[in-house]
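Undergrad: any chance you can model this:
(one chain, ligands or ions: 2)
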Amino acid sequence: MTFEYAPAPESTAVVKLKPEYGLFINGKFVPAKDGKSFATINPSNEQHLAKVAYASEADVNKAVAAANEAYKKIWSKMPASERGKYLFRIARILQERAREFAVLESMDNGKPIRETRDVDIPLAAAHFFYHAGWADKLEHAGMGSNPKPHGVVGQIIPWNFPLLMLSWKIAPALATGNTVVLKPAETTPLTALLFAEVCQQAGLPAGVVNIVTGDGKTGSLIVNHKDIQKIAFTGSTAVGKGIARAIAGTKKAATLELGGKGANIVFEDAPIDETVEGIINGIFFNQGHVCCAGSRLLVQENIQEELLEKLKRRMALIRVGDPLDKNTDLGAINSAAQLAKIRELVDSGDAEGAERWSPACDLPAKGFWYPPTFFTGVTQANRIAREEIFGPVLSVISFRTPQEAIEKANNTPFGLSAGIWTDKGSRILWTAKHLKAGVIWANTFNKFDPASPFGGYKESGWGREGGRHGLAAYLKGVH
Ligand code: NAP
Ligand code: MG
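TA: Ligands and ions are numbered 1, 2, ... in the order given. Now for the predicted structure:
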């Protein structure tokens, strides 16, 4: 006899969607100058959610001018302890309105409510609390006795953790005394616009935070704006490289948080059941739309068979479906374009001779969906071993010796994250020392904290976000 779960849908009543949203410039919502707009949808059912203003050059110029005025006249003159109070206020409002943010994020992005409720929104609030505490203590952060902000910073974020990436950007920028112009991703603008309401509610002075919605063109207007002193970008390596080229030879500072192809390394002495949970969390958290996902499973050859049997059994229990159902583990793929990208890479895995496995699972008829999947028989040369799939697809590669594990793990143009699973502390330390990755987890995966710096080596990016290192990126001349 099998027992089925009853549906446990989260109500959407808490979210008051407007039919149309303006740009948030100088403390107010305003339409785009030329009246252009675009639609955002719910990727789990393709329903239209709202129209959002499209920012062109005149709008970006207006937002930068507002940020400049606010910097010169208000924010740079305000005592740091006062700045900190605004950040505390924003953090508390995010907590108070957490349910509303969680539901809206789930609707606009397609990620499960369990994750927005328990991860995205609490961590976003935690980033504001953490940085609020730094605002009046910067001269004790080991960055000189009088650290100075850049002025106006331009920030561009992706769609995989919309509100959380916004907090990673805005909280440290404001704490260090900068003002901002931020562009959310085209497919997930709604929580950034709700955040704009939070800024109003917190009484944040007009122009300190400006939010311009649009597409890649809007992003490049920010990158190339002459009055922006620093760029903070999270997104793909291809766009990141374009930004690096665009600002070369200018005085603009930049942090770039780009792609990854994280190795999750399992040694023969690893606690196997915990490891299986860590693998699941590493690749299926947020549909695998995670830059630091453990998307390459490196497993010691003598335990591969046992590990994969257990992994299959566990994957068969993953519940795929309505993101607003509290029992859902794996939600919708964020867009038709991302689904096409996943399919293209999976097809290349099939064509190059790797063996694909997914549990039986019913996918909803409407919306964008992909089942949890892994490939075995993957070689280092296969595209699925080298390129970021950014979906719920794991590539399994075996190794015989610890040295071989290191060589395979580091054999990638990326260097963002890695995981190590072993019973021995000495092996954790040895492995971590030899891995070229910015973030390394031991016997756990995908754990985040505002106090912990995050960032990559090689094509995974420049600079760090979070912690004391993240503050430095928002201060002039500090590295
Ligand atoms: P993306 O295409 O690079 O887009 C990221 C942001 O840049 C979006 O707001 C996008 O606008 C904008 N953009 C696009 N073209 C631009 C241009 N020429 N100039 C300036 N801005 C431009 O990346 P994505 O596909 O949305 O996000 C997935 C990628 O982000 C993955 O590679 C992932 O690894 C990476 N990521 C990295 C981290 C990290 O911390 N290292 C964290 C999360 C994600 P539109 O949305 O309107 O196109
Ligand atoms: Mg959307």
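Undergrad: identify the residues contacting Lys85.
TA: Contacts for Lys85 (CB atoms under 8 Å, 6 or more residues apart in numbering) come out as Ala132. From N, CA and C alone the C-beta is placed, and that goes for glycine too.
Undergrad: now the element after the helix or strand containing it, going C-ward?
TA: Element membership of Lys85, judged by DSSP states H and E, is helix 80-96. Later in the chain than helix 80-96, the nearest helix or strand by DSSP H and E is helix 98-109.
Undergrad: which strands or helices does that next one pack on?
TA: If you count contacts as 3 or more CB pairs under 8 Å, 6 or more residues apart in numbering; DSSP states H and E, helix 98-109 packs onto strand 37-42, helix 113-115, helix 121-134, helix 162-175, helix 190-201.
Undergrad: in a markdown table, list those along with mean pLDDT.
TA: As requested, those are arranged in a markdown table below (pLDDT from 0 to 100):
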| stretch | mean pLDDT |
| --- | --- |
| strand 37-42 | 98 |
| helix 113-115 | 98 |
| helix 121-134 | 98 |
| helix 162-175 | 98 |
| helix 190-201 | 98 |
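Undergrad: most tightly packed of those?
TA: For those, the largest average neighbour count (mean count of other CB atoms under 10 Å) is found in helix 162-175, namely a mean of 27.
Undergrad: packing partners of that helix?
TA: helix 80-96, helix 98-109, helix 121-134, strand 152-156, strand 179-183, helix 190-201, strand 230-234, helix 467-472.
Undergrad: which residues of the stretch 151-300 of the chain lie near ligand 1?
TA: 156-160, 183, 185-186, 215-216, 219-220, 223, 234-236, 239, 242, 257-260, 291 (CB under 6 Å from any ligand atom).
Undergrad: contacting residues for Glu46?
TA: Contacts of Glu46 (CB under 8 Å, 6+ apart): Lys366, Gly367.
Undergrad: among the residues of the stretch 151-300 of the chain next to ligand 1, which are in helices?
TA: Mapping those onto helices (DSSP state H) picks out Gly216, Gly219, Ser220, Val223, Val239, Gly242.
Undergrad: looking at those residues, which is nearest Glu388?
TA: Using CB to CB, Val239 comes nearest to Glu388 of these, at 12.9 Å.
Undergrad: ok, back up a step: what subset of the residues of the stretch 151-300 of the chain next to ligand 1 is buried?
TA: 156-160, 183, 185-186, 219-220, 223, 234-235, 239, 242, 257-260, 291 (16 or more other CB atoms under 10 Å).
Undergrad: can you give me the pLDDT of the closest residue to Ile303 other than its chain neighbours?
TA: Spatially, and ignoring its direct neighbours in sequence, Ile303 is nearest to Glu268 (5.0 Å; CB to CB, 6 or more residues apart in numbering). The model reports Glu268 with a pLDDT of 98.
Undergrad: from what I see, Glu268 and Leu307 are in contact.
TA: No. With contact defined as CB atoms under 8 Å, Glu268 does not reach Leu307; the gap is 9.8 Å.
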